[in-house]
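Chemist: missing the sequence, but the structure's below:
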């Protein structure tokens, strides 16, 4: 797996109803309790939390074992399989494009088509996604699709909000 280790404070960005899968919603009420608890312990990053036992997660404020297991799934949900990154060399035309795609592929659900749309729309790094508003991303991608007559669709607002949250977590809260 290829993953980015982020500081535990990023959980506040990532566990929001408008940018997380509905199956993760049960974790939202516990995010501030968890962050507060982890900040007072040696659990400062995603990787630190992955090492915690179920009992330690229960002590941190999760109500039961099912929720503890769900939290562990949440922690790895943004990890990417190496095969996803192998596609880049086959689809990119320049080293600059390949470097950009390597970053953009860390966003959930982003593969060639979405990465290419973001790239052509001027979003070439996680930082550029993190610093944009959902409205800006949607408007710029819509304009790119129209002006370049691309055969793809404008990203949905929830998708864009998720990409911004993940980009912020991986950019501003990166632990490595």
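Modeler: Done, it's in. Since this is a predicted model, take the numbers as computed values, not measurements.
Chemist: who's in contact with residue 107?
Modeler: When contacts are counted by CB atoms under 8 Å, 6 or more residues apart in numbering, residue 107 touches 114, 126, 129, 162-163, 166-167. Heads up, the C-betas are built off the backbone N, CA and C, glycines and all.
Chemist: Quickly note the distance from it to residue 134.
Modeler: Residue 107 is 14 Å from residue 134, where distance means CB to CB, to the nearest Å.
Chemist: Quick check, pLDDT for residue 2.
Modeler: Predicted confidence (pLDDT) for residue 2: 67.
Chemist: Renumber starting at 22 from here on
Modeler: Noted, 22 is the first residue going forward, which turns the last one into residue 23.
Chemist: Now do the same contact list for the closest residue to residue 30 other than its chain neighbours.
Modeler: Using CB to CB, 6 or more residues apart in numbering and skipping residues adjacent in sequence, the residue nearest residue 30 is residue 194, 5.8 Å away. Contacts for residue 194 (CB under 8 Å, 6+ apart) come out as 27-28, 30-31, 34.
Chemist: could you dump those residues to JSON lines with pLDDT?
Modeler: Formatted as JSON lines, the contacts of residue 194 follow (pLDDT from 0 to 100):
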{"residue": "27", "pLDDT": "96"}
{"residue": "28", "pLDDT": "96"}
{"residue": "30", "pLDDT": "96"}
{"residue": "31", "pLDDT": "96"}
{"residue": "34", "pLDDT": "95"}
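Chemist: Make JSON lines from these and add neighbour count, secondary structure and distance to residue 115 to it.
Modeler: Compiled in JSON lines, the contacts of residue 194 are given as follows (neighbours: other CB atoms under 10 Å; DSSP: H, G, I helix; E, B strand; the rest coil; distance: CB to CB, whole Å):
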{"residue": "27", "neighbour count": "25", "secondary structure": "strand", "distance to residue 115": "29"}
{"residue": "28", "neighbour count": "18", "secondary structure": "strand", "distance to residue 115": "33"}
{"residue": "30", "neighbour count": "15", "secondary structure": "helix", "distance to residue 115": "36"}
{"residue": "31", "neighbour count": "24", "secondary structure": "helix", "distance to residue 115": "31"}
{"residue": "34", "neighbour count": "19", "secondary structure": "helix", "distance to residue 115": "32"}
